[in-house]
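Asks: pasting the sequence and the predicted model now:
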Amino acid sequence: MTGIEAVLTVDLGAIAANWRQLSAAMPGAVAGVVKADGYGLGAGPVARALLAAGCRHFFVAHLAEGMAVREALGPGPMVAVLNGFPPGADGAAGLVPVLNGLPDVAARTAAARAGGQALPAILHVDTGMARLGLDAGELERVAADHRLLAGLDLLYVMTHLACADVPEHPLNAAQAARFAAIRTRLPAMPGSFANSSGLFLGPDFGSDLARPGCALYGINPTPGRPNPMRQAVGLEAPILQVREIPAGTPVGYGASWTAARPSRIATVAAGYADGYLRALSGRAAGILAGRPVPLVGRVSMDLITFDVTDVPLPSPGDRIGLIGPGRTPDDLAAEAGTIGYEILTSLGARYRRDYRGA
């Protein structure tokens, strides 16, 4: 360690504990969604920790992500690719494609015929997202002719909730009813329904396989209520320099903040190139010596500045907590006007990662 690296701490024990907590409350199996490099925390270490905890189903977004997770886990657990396979990739590395429309179904059944054996797949149906999944017209065709699915070993039929983080939204109940009705018209197969927030909507949203993502990583799946999950991430960045400035001195690009009193400014080695969002400029705070210190001036590519006037004099090399106890990813999200998902998945590759609790 050079002393000027920011350190991203990933508590694999907390991620595993979050999965076990969700699994204990669910009637069916619980998958681990490890797309976007495990929500920015490292898909390989996260997937291995979940596997050790008992998880046997994993979801990624892209084929390359699936191949990396398969390599990390070895044979055995299901690794499904939510965005499906690109042309010519059928059967790649023992992965399972999610079929998001009839063209995907046709490509997979053609590959099954060519190979002379049934191929595993997950059938995705749209119940109100208007994004991926078989639409109403495609569902009518499949319901009328189940032979369209011939040659497929359909492991699950899945759908995706659009408004699960708003429990009172009427679309939640509508999607549950639509999914139940659709399943009666398809060949019998297990169902996969709830995402992280959906797991907290009640028994109507249970299924054979839940697909939590953000909750595993400590993002609150119940906005507006206390977070039931353990925090899994910490981020500390070193102070490069401390300087005293007189009142009236501007700090940073655009002179967007000016000291109203004689102040002490700490310049810290992190910025938007590291995923510390520029939208946090003038809104966020760090933790130094157990006390909050305000972020002042704009977040730049590699540097941020904090007003540390009211804490004991720090030294270069001391670390300011950017995420940690009292500074959750959800806190930063609220300050940046975004969601915790974006905070985690934006975390850059320049941090030294410290994995704990595996």
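Replies: Everything's here; your move.

Asks: report the mean confidence score over stretch 87-104.
Replies: Averaged across stretch 87-104, pLDDT comes to 86.

Asks: and if you look at stretch 311-318?
Replies: Across stretch 311-318, pLDDT averages out at 94.

Asks: counting neighbours, which bits of it end up buried?
Replies: Counting neighbours by 16 or more other CB atoms under 10 Å, one finds that the buried residues in stretch 311-318 are 311, 314, 318. (Each C-beta comes from the backbone N, C-alpha and C, glycine too.)

Asks: C-alpha coordinates for it, PDB please?
Replies: Written as PDB, here are the backbone C-alpha positions of stretch 311-318 (Å, rounded to 0.1, in the frame of the first residue of the first chain):
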ATOM      1  CA  VAL A 311     -11.900  18.800  14.300                       C
ATOM      2  CA  PRO A 312      -8.500  18.200  15.800                       C
ATOM      3  CA  LEU A 313      -5.700  19.000  13.400                       C
ATOM      4  CA  PRO A 314      -5.300  16.100  10.900                       C
ATOM      5  CA  SER A 315      -2.100  15.200   9.200                       C
ATOM      6  CA  PRO A 316      -1.500  14.100   5.600                       C
ATOM      7  CA  GLY A 317      -2.100  10.300   5.400                       C
ATOM      8  CA  ASP A 318      -5.000  10.400   7.900                       C
END
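
Asks: can you start the count at 835 instead of 1 from here on
Replies: Shifting the count to begin at 835 puts that one at stretch 1145-1152.

Asks: so how far is that stretch off the chain centroid?
Replies: On the basis of CA atoms, centre = their mean, to the nearest Å, stretch 1145-1152 sits 34 Å off its chain's mean C-alpha point.

Asks: residues in contact with that stretch?
Replies: Under the criterion CB atoms under 8 Å, 6 or more residues apart in numbering, residues 837, 1072-1076, 1098, 1100, 1122-1123, 1125, 1127, 1142 lie in contact with stretch 1145-1152.

Asks: need phi/psi at residue 1070.
Replies: phi -130, psi 140 (degrees, to the nearest 10).

Asks: could you dump the buried residues of stretch 1145-1152 to TSV with distance to residue 1179?
Replies: As requested, these are arranged in TSV below (distance: CB to CB, whole Å):
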residue	distance to residue 1179
1145	31
1148	30
1152	28
